[in-house]
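# just the structure for this:
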Amino acid sequence: MKFHQICAAAALGLCLIVTPAKADTITTFNLSTTIDPFDCIFGCTFGGNIVINITTGAVVSAGLTFVGPTIGSHLFTNIDFGSQTNPPLSRITVADPADTTDRAILFFPSTLIGYMGGPICSENASCPTLPPGPSQQFIFSLVRFDSADPDIFFAILSGSLTPVAVPGPIAGAGLPGLLLAGGGLLAWWRRKWKTTAVAAASSKY
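The predicted model follows:
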């Protein structure tokens, strides 16, 4: 390999090193809600953060807190999720790890792939679960406590998810470029060493 070809290979490798790898986009959303006052006369609060991989539509993590005068404070972190396409509807269930029968069930009128935030299905804006027709049904988000006796549920009157973090790649990688650059530099060093050795040997005779 000629010297200029070796340098070109090394330069190409270095360019590849700094080229970020294509990665999934992770976005953190803030959940804000209003609980139906008929379900919680003395006032309840429910909200927190949900982290979604909007490239795949998977929920990465969640930390939602419900506080009510009769039920106390509960932190929901255990995640389950699903979706349908006709009509578009996504569900995120986040349970209390201390008792998974206590959980928040959130519905969204869209897929989570490419999701940019917006209203969730609520009493004020319920979402259809079936295509239009005589059997069409509607659904809304709620928080329920099946561990209570009798079980209790709190309907979400209104709510929305708002992005609070700038989407960005998880990580970049340049291993192919690193290997190519390393190989080019090694070949250049060996050529230089060989030329020096030949010159030294020739000077003796």
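
# contacts only, for the closest residue to Cys127 other than its chain neighbours.
Leaving out its chain neighbours, the residue that sits closest to Cys127 by Cβ to Cβ, 6 or more residues apart in numbering is Cys121, at 3.8 Å. Any C-beta I mention is one placed from the backbone N, CA and C, and that applies to glycine too. Each residue near Cys121 by Cβ atoms under 8 Å, 6 or more residues apart in numbering is listed here: Leu89, Leu106, Phe107, Phe108, Pro109, Cys127, Ile139, Phe140, Ser141.

# hmm, the last one is touching Phe107, no?
Same thing as Ser141. Yes. With contact defined as Cβ atoms under 8 Å, Ser141 reaches Phe107; the gap is 5.3 Å.

# who touches both of these two?
Ile120, Cys121.

# of these two, which one has the most company?
Ser141 (26 against 21; other Cβ atoms under 10 Å).

# and the more buried one, how far is that from Asp149?
24 Å (Cβ to Cβ, to the nearest Å).

# SS state for Gly47?
Classification of Gly47 using DSSP: H, G, I helix; E, B strand; the rest coil returns strand.

# isn't it up against Gly63?
No. Gly47 is beyond contact range of Gly63, at 10.0 Å (criterion: Cβ under 8 Å).
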